[in-house]
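*Asks:* can you look at this prediction? I've put the sequence above it.
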Amino acid sequence: MNLTEIKLCGWPHQHKFRVGRGISSGNGKTSGRGSKGFHARQGHKIGQITEGSGSQSLYRRTPKRGFNHTMFDDTYLVINLADLAERFKDGEEVTLATLREKNIRIPKSKYDLRLVLLGRLNPDQKLPKNLKIKLHRISKTAQDAIQKTNGTVEIITLKKPVRNKKTPKAE
């Protein structure tokens, strides 16, 4: 057996080099940090993703892909009774299609757009009679105002997209 073949079993890892022990320590004076500057200071972080080093940083350069939650969010188009009083006449039907025809700005969305009716009406305006309204949500004041003018309200329910692709097991 030679001294070169002996392996130390007591230490599972090599100890960290003790810096700042003087010039004679083999890594002396600046303790391996070079001289001055950002990297010689305490608390600096080398190789951070946010560090640009003169160019645009890595996380800003990489394309962002992955899950997007807009498909599952409910996007509502809010309309007041004042808008209906201006554009509709007695006995007409109010839907998303008829609102587009009457030049009410409706954003084009890839996903289902939901219609909400609120009860704000100007004092000088009168609501048309016998309106047939098909929408997704309505406020209590708007529903009361429409029922006073003998109008009808139909609530549309939309099926939400399923998040997981697994189907439930048949029992």
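*Replies:* In hand now; what should we look at? Everything quoted here is computed from the prediction, not taken from an experiment. Numbering: from 1, shown residues only.
*Asks:* hmm, which helix or strand of the chain has the shakiest average pLDDT?
*Replies:* helix 58-61 (a mean of 80; mean pLDDT, DSSP states H and E).
*Asks:* list the contacts for K132?
*Replies:* G91, E92, E93, V94, G151, T152, E154 (CB atoms under 8 Å, 6 or more residues apart in numbering). Every residue, glycine included, has its C-beta placed from N, CA and C.
*Asks:* coming back round to it: for whichever helix or strand comes after the least confident helix or strand of the chain, buried residues please.
*Replies:* Going down the chain from helix 58-61, the next helix or strand is strand 75-80, by DSSP states H and E. Under the neighbour-count criterion of 16 or more other CB atoms under 10 Å, strand 75-80 has L77, I79, N80 buried.
*Asks:* residue boundaries of the strands in this structure?
*Replies:* 75-80, 93-94, 113-118, 132-135, 137-138, 152-155 (DSSP state E).
*Asks:* for G32, find the nearest of these.
*Replies:* Closest approach to G32 among the strands of the chain (CB to CB): strand 75-80, 56.9 Å.
*Asks:* so which other helices or strands are in contact with the longest helix seen in the chain?
*Replies:* Ranked by number of residues, the top helix in the chain under DSSP state H is helix 140-148. Packing partners of helix 140-148 (3 or more CB pairs under 8 Å, 6 or more residues apart in numbering; DSSP states H and E): helix 81-87, strand 113-118, strand 152-155.
*Asks:* please work out the angle formed by the directions of that helix and strand 113-118.
*Replies:* Calculated by axes from the mean of the first three to the mean of the last three CA atoms, to 10 degrees, helix 140-148 forms an angle of 80 degrees with strand 113-118.
*Asks:* hmm, who's touching helix 140-148?
*Replies:* Counting by CB under 8 Å, 6+ apart, L81, L117, L118, G119, L121, L127, L131, I133, T152, V153 sit against helix 140-148.
*Asks:* what is the burial count for the fourth one?
*Replies:* Read that as G119. Other residues lying near G119 total 16 when counted by other CB atoms under 10 Å.
*Asks:* what sits against it?
*Replies:* N80, L81, S139, K140, T141, A142, Q143, D144, A145.
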